[in-house]
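1. Need a 3D model of the sequence below.
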Amino acid sequence: MPGKRVRVAAALTCLLLAAAACDADDADNGDRPGTAEGNHTAEPTGVADIRPEPALTVDCLHVIGEQPAPTSTTTVFLGDVALETGRRLQTAKAGGTEYPHPLFAKSGLLVRDGAVVDIEVVPAPGNGTSIGWGNGRLPARSVRVPGCTSGSTETSWMAFPGGYYVDRPGCVTLVVRSRGLQTKVHVPVGADC
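-> The predicted structure follows:
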């Protein structure tokens, strides 16, 4: 019986050391899951809810650029997604009857190379909202970036064009999911949060 306890204790010790090493690696990179870099912080991070497949998958061919790090105007969430949250995004008429909401706020999406990311709009009473990144696709309430890679040996962030479609200016709340974690993000679309 003592042999079994020793093996269990050894296994638990290995798990704890492995977890500590992962936290140390994340801290060295400044990308600890659950923290947001930039002007605003996200709500507490939790284990991601199991959700249905997002309505829209971003096409990896629609990457409009790559960069070694997110810009100073964005906030990084879960170490994999960078969104503009530090300034009020300007809205304009969305442009055609094919769009589900009359106003549009242009704001690109940055995603770490290879990361699979889901972004979902949290419904707000009286303010319909859709999101969309990538070219030529109608917006939806939820989108997935399917793990696009640049082929570069350096860590890079990929930029996608798009933004937010809203019925009226307001604070848009998103749920961002990546690596089995999720956090809420508040984006000022035409009005402060």
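2. Could you pull out the helices in the protein for me?
-> Using DSSP state H, the helices of the chain run over 2-29.
3. any idea which residue sits dead centre in it?
-> In the chain, the centroid-proximal residue (C-alpha atoms, centre = their mean) is residue 81; its distance is 3.8 Å.
4. Check whether that residue really touches residue 178, as I assumed.
-> Yes. Residue 81 lies in contact with residue 178 (C-beta atoms under 8 Å); the separation is 6.4 Å. Using the backbone N, CA and C atoms, a C-beta is placed for each residue, glycine as well.
5. which residues are in contact with both of those two?
-> Common neighbours of residue 81 and residue 178 are listed as 115, 117 (criterion: C-beta atoms under 8 Å, 6 or more residues apart in numbering).
6. for residue 138, what are its contacts?
-> The neighbours of residue 138, taking C-beta under 8 Å, 6+ apart as the test, are 56, 98-100, 132.
7. now residue 71
-> 82, 110.
8. how close does it get to residue 138?
-> From residue 71 across to residue 138, the span is 27 Å (C-beta to C-beta, to the nearest Å).
9. Now for the nearest residue to residue 78 once chain neighbours are set aside, how many residues are close by?
-> Distances taken as C-beta to C-beta, 6 or more residues apart in numbering place residue 178 nearest to residue 78, at 4.5 Å, with adjacent residues excluded. Using other C-beta atoms under 10 Å, the number of residues around residue 178 comes to 22.
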